[in-house]
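1. This is a predicted model, with the sequence first.
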Amino acid sequence: MNDTPFTAPLYDALHDLAAQHPLRLHMPGHKGIGLPVPELRGYASIDFTELSATGNLYEADGLIDRAEQLWADFWGAEGCLFLTGGSTQGLHTALNLLARPGDTVLMDRESHRCLHTGMALLDLHPVWLRRDWLAQGGVSAPVSPAAVAAALQAHPQCHTVCVTSPTYYGVCSDIDALAAVCHSYGARLLVDGAHGAHLPVFYRRNPYQDADITVVSAHKTLPAPGQSALLFANGCSMDDLRRSSLLFATSSPSYPMMAALDRLRTWLAAGGEERTFLAAGAALHLREKYPCLREEEGVVLDPMRLTLMVEDGFALAETLEGMGIYPEMADSSHVVLIFSGADAEEQFDRLDEALTALGLAYLTPQPPARRELPEWETVCSPRAAVFGPHREVILSKAEGMVAAQQLAPYPPGVPVVAPGERITKKHLEYLAEIGYNKLNDPVLVQGE
């Protein structure tokens, strides 16, 4: 096959098969004729199942394998796995590949809640990596290579390191430097790049290239359907990737989602990268005009994310929603807005006009109050906490008890208290300060 960057083997095959109007005596039940929801009828024609003409995600049998390899080549990785269960599926797959039950892993404390779930499922024990604080921006700093080196030296049993880059606020870590440190200690680096699928567009060399496994959510920052994601790996065979993925994935993956991933790569090659650059330029203009998180010395920000810094982020988000503008998230002093190559000039103009009308133009961003995560006390493993005996209590009455679930405001989905950790007065005060509105809700704690 003479594949090129503009070849979409899976999408083309599904499209061609649909054009033959085959008699579909197989799943799915809509038979390619249509769905009862008018807005979804268009994709039914390419919604097939595992056939000799369509391939199988979990077998190296042609079409999908070719489409994945084209993505690996495009990314600069040895292998790629299509994911139809979001980055959660990919991160669980990666943890299972890189660690064994009972292992200790060095885990970024800013990790998404799905990694905590993964540790419980796989019986992994975390050593937490705390980040420094960016006082001017009121958010956590990049992961420090020196901190990773110190942690690996102090915990030589850790052979897997997991970090998040970029964070929900757009703070990026130096993955090349972190990978070099990890490899020098014989450890492998897993990067939760769920919010960074677009970042390689901006660099001559993919910033994730030295990581052992990187998982990105195509649907978060590229024009792709919800739940579509990609896992990129170095030093892992495709057979191992597929076997590990099967533990966490549906046996009926969505062919339209995989076809969308296939076409997404050709979209990038055929002008999508240029559109992404143009959107980043518009985002930079807005960042300079409004009170936003900005790059400090040694700090790199996601160029497609605008993190507004205001006195009351919740109030601003509510006001924007009343104007028909829906941000990604808000906290007590930030509002996060995500852009992509799907955005055009009219979208940026609409936001610009709204922020100007609200009187935010050319205000100097004020450093928010310091609200770092409180210290934690680990009492038992995540698995023992999640799968052991537990009971319900009201969160505000849970001081001194051991959490059997995550206490994670969502978004961003970063646990304040992880399963197996003691809930303290400082945790409850912190949750109240950041506007967590579930203090009077029941939570699971250890005990009969």
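-> Done, it's in. Numbers count the residues shown, from 1 in each chain.
2. what are the ranges of the helices in the stretch 1-150 of the chain?
-> 9-19, 63-75, 86-98, 113-122, 145-154 (DSSP state H, counting those that start in this stretch).
3. highest average neighbour count across the ones you listed?
-> Most buried of the helices of the stretch 1-150 of the chain by mean neighbour count (mean count of other C-beta atoms under 10 Å) is helix 86-98; its value is a mean of 25. To be clear about C-beta, it is placed using only N, CA and C from the backbone, and glycine gets the same treatment.
4. Please tell me how far Arg391 sits from Leu428.
-> Note on Arg391: its distance to Leu428, by C-beta to C-beta, to the nearest Å, is 18 Å.
5. Give the residue from the two that has the larger number of neighbours.
-> Leu428 (21 against 13; other C-beta atoms under 10 Å).
6. which residues of the stretch 201-350 of the chain score low on pLDDT?
-> Within the stretch 201-350 of the chain, no stretch has pLDDT under 70.
7. hey, where'd the strands end up in it?
-> Secondary structure of the stretch 201-350 of the chain by DSSP state E, counting those that start in this stretch: the strands cover 213-216, 229-233, 300-301, 305-309, 329-330, 334-338.
8. helices or strands next to the fifth one in the packing?
-> Counting contacts by 3 or more C-beta pairs under 8 Å, 6 or more residues apart in numbering; DSSP states H and E, strand 329-330 is packed against helix 313-322, strand 334-338.
9. Got the phi and psi for Arg109?
-> phi -70, psi -20 (degrees, to the nearest 10).
10. list the contacts for it?
-> Residues near Arg109 by C-beta atoms under 8 Å, 6 or more residues apart in numbering: 128-131, 373, 414.
11. I'd like these laid out as CSV, including distance to His195, pLDDT and neighbour count.
-> Below are the contacts of Arg109 laid out as CSV (distance: C-beta to C-beta, whole Å; pLDDT from 0 to 100; neighbours: other C-beta atoms under 10 Å):
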residue, distance to His195, pLDDT, neighbour count
Trp128, 21, 96, 17
Leu129, 19, 95, 22
Arg130, 21, 92, 17
Arg131, 16, 93, 22
Leu373, 19, 82, 19
Val414, 12, 86, 23
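12. Which of the residues you listed fall in strands?
-> 128-129 (DSSP state E).
13. His183: neighbour count?
-> The burial count for His183: 13, using other C-beta under 10 Å.
14. Helix or strand: which one has it?
-> Counting by DSSP states H and E, the element that carries His183 is helix 175-184.
15. buried sites along that helix?
-> 175-179, 181-182 (16 or more other C-beta atoms under 10 Å).
16. Next: stretch 362-378.
-> Buried residues in stretch 362-378, counted by 16+ other C-beta under 10 Å: 365, 368, 373-374, 376, 378.
17. taking these as a set, which two sit the farthest apart in space?
-> Across the buried residues of stretch 362-378, no pair lies farther apart than Pro365 and Thr378, at 35.8 Å, counting by C-beta to C-beta.
18. Now mean neighbour count too, for the strands of the stretch 201-350 of the chain, in JSON lines please.
-> Below are the strands of the stretch 201-350 of the chain laid out as JSON lines (neighbours: other C-beta atoms under 10 Å):
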{"stretch": "strand 213-216", "mean neighbour count": "29"}
{"stretch": "strand 229-233", "mean neighbour count": "27"}
{"stretch": "strand 300-301", "mean neighbour count": "20"}
{"stretch": "strand 305-309", "mean neighbour count": "25"}
{"stretch": "strand 329-330", "mean neighbour count": "20"}
{"stretch": "strand 334-338", "mean neighbour count": "22"}
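19. Reformat these as a markdown table; add distance to Gly85.
-> Converted to a markdown table, those look like this (distance: least, C-beta to C-beta, whole Å):
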| stretch | distance to Gly85 |
| --- | --- |
| strand 213-216 | 11 |
| strand 229-233 | 8 |
| strand 300-301 | 29 |
| strand 305-309 | 24 |
| strand 329-330 | 22 |
| strand 334-338 | 21 |
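20. follow-up on the earlier one: pLDDT check: weakest of the buried residues of stretch 362-378?
-> Minimum pLDDT across the buried residues of stretch 362-378 is recorded for Leu373, with 82.
21. isn't that residue right next to Tyr430, touching?
-> Yes - if you go by C-beta atoms under 8 Å, Leu373 and Tyr430 touch, sitting 7.2 Å apart.
22. Could you tell me how many residues sit around Ser228?
-> Neighbourhood size, Ser228 [other C-beta under 10 Å]: 25.
23. buried sites along the biggest helix by length in the chain?
-> If you go by DSSP state H, the chain has its longest helix at helix 273-289. By neighbour count on 16+ other C-beta under 10 Å, the buried set for helix 273-289 is 273, 275-276, 279-280, 282-283, 286-287.
24. Out of those, which comes closest to Thr84?
-> Nearest to Thr84 among the buried residues of helix 273-289, with distances taken as C-beta to C-beta, is Thr276, at 23.5 Å.
25. what's the distance between that closest one and Ala151?
-> 35 Å.
26. Stretch 135-153: end-to-end distance?
-> Terminal residues of stretch 135-153 are spaced 28 Å apart (C-alpha to C-alpha, to the nearest Å).
27. swap in stretch 285-301?
-> The straight-line separation of the ends of stretch 285-301 (C-alpha to C-alpha) is 14 Å.
28. Just to be sure, Ala369 is in a helix?
-> No - read with DSSP: H, G, I helix; E, B strand; the rest coil, Ala369 is coil and lies in no helix.
29. Regarding the closest residue to Tyr168 other than its chain neighbours, what is its secondary structure?
-> Among residues not flanking Tyr168 along the chain, Pro412 sits closest, at 3.7 Å (C-beta to C-beta, 6 or more residues apart in numbering). Pro412 carries the three-state label coil when classified by three-state DSSP.
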